[in-house]
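Participant: Have a look; sequence and predicted model below, questions after that.
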Amino acid sequence: MAHRKVKGLQWACQLAGRPKIIPLGRPRGVKALGLRYERALARAVPMAKHGLWFEFLDANGPGFCQPDLVIEGQEAVLVLEVKLSWVPDGHTQIEELYRPVLAACCKKPVYGVQVTRNLRPGMGAVTVVGSLQEAVAEAKAGRLVCWHWLGNEVVSVGGKKEKAYG
């Protein structure tokens, strides 16, 4: 299923929970593996908020979106789009959906990073990094960034290391 492309955004806000009109799915196979990987990353990056829902109105009508992980800082917001294997659509989803919605909602600059366990040929101009700190720096510099996270320890706020996956 292709993501929605926001055009003519009028407003956006964060919701308290999942919209009632969004059905609950029961993922199986590779999709279930991807969601396990996403939850593991959420545990490894404790400052990230997982499962947030946003509502917005644009030229296409009302809409909802749920970024995988969101880290809101004092001056900016970081969106992490988690994919088991790298896909170009991860970056376009950040640019065409999450960045405009979160920027309108949070009133701050929004940077995006795709996080993946499996790299693929043909990544072109994507900068591949091995840490969250590198990913933030590259995203702020305006580059397409892929954080290659293998489930290893992530240094969280306070310097504590956690192993979360694999």
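Facilitator: Yes, it's here.
Participant: Tell me the helices and strands packed up against the helix ranked longest in the chain.
Facilitator: Counting residues, the longest helix in the chain under DSSP state H turns out to be helix 30-44. Counting contacts by 3 or more Cβ pairs under 8 Å, 6 or more residues apart in numbering; DSSP states H and E, helix 30-44 packs against strand 49-50, strand 69-72, strand 77-85. C-beta coordinates here come from the backbone N, C-alpha and C atoms, glycine included.
Participant: Quick check: mean pLDDT of it?
Facilitator: When pLDDT is averaged over helix 30-44, the result is 93.
Participant: Run me through the strand neighbours of the host helix or strand of V128, direction for each.
Facilitator: Applying DSSP states H and E as the criterion places V128 in strand 127-129. As defined by DSSP bridges, the strand partners of strand 127-129 come to strand 145-148 (parallel).
Participant: export the strand it pairs with as CSV, just CAs?
Facilitator: Provided in CSV are the C-alpha atoms of strand 145-148 (Å, rounded to 0.1, in the frame of the first residue of the first chain):
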residue,chain,number,x,y,z
VAL,A,145,20.2,8.9,5.7
CYS,A,146,19.9,5.2,6.5
TRP,A,147,20.9,4.1,10.0
HIS,A,148,22.1,0.5,9.6
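Participant: per-residue pLDDT, the nearest residue to I71 once chain neighbours are set aside?
Facilitator: Once flanking residues are discounted, I71 sits nearest to L78: 4.3 Å by Cβ to Cβ, 6 or more residues apart in numbering. We have a pLDDT of 97 for L78.
Participant: Against L15, how distant is L78?
Facilitator: 20 Å (Cβ to Cβ, to the nearest Å).
Participant: Who has more neighbours out of the two?
Facilitator: Higher neighbour count among L78 and L15: L78, with 24 against 12, using other Cβ atoms under 10 Å.
Participant: Wait, that one touches V136, no?
Facilitator: Yes - here L78 reaches V136: they are 6.3 Å apart, a contact under Cβ atoms under 8 Å.
Participant: Overlap in contacts, the two.
Facilitator: Common neighbours of L78 and V136 are listed as Y111, V113 (criterion: Cβ atoms under 8 Å, 6 or more residues apart in numbering).
Participant: quick one: A139 from L52, how far?
Facilitator: 19 Å.
Participant: Count the residues that sit near H3.
Facilitator: Counted with other Cβ under 10 Å, H3 comes out at 15.
Participant: who touches it in this structure?
Facilitator: D89, T92, Q93, E96, L97.
Participant: same question, T127
Facilitator: Counted by Cβ under 8 Å, 6+ apart, T127 has contacts E138, R143, L144, V145, C146.
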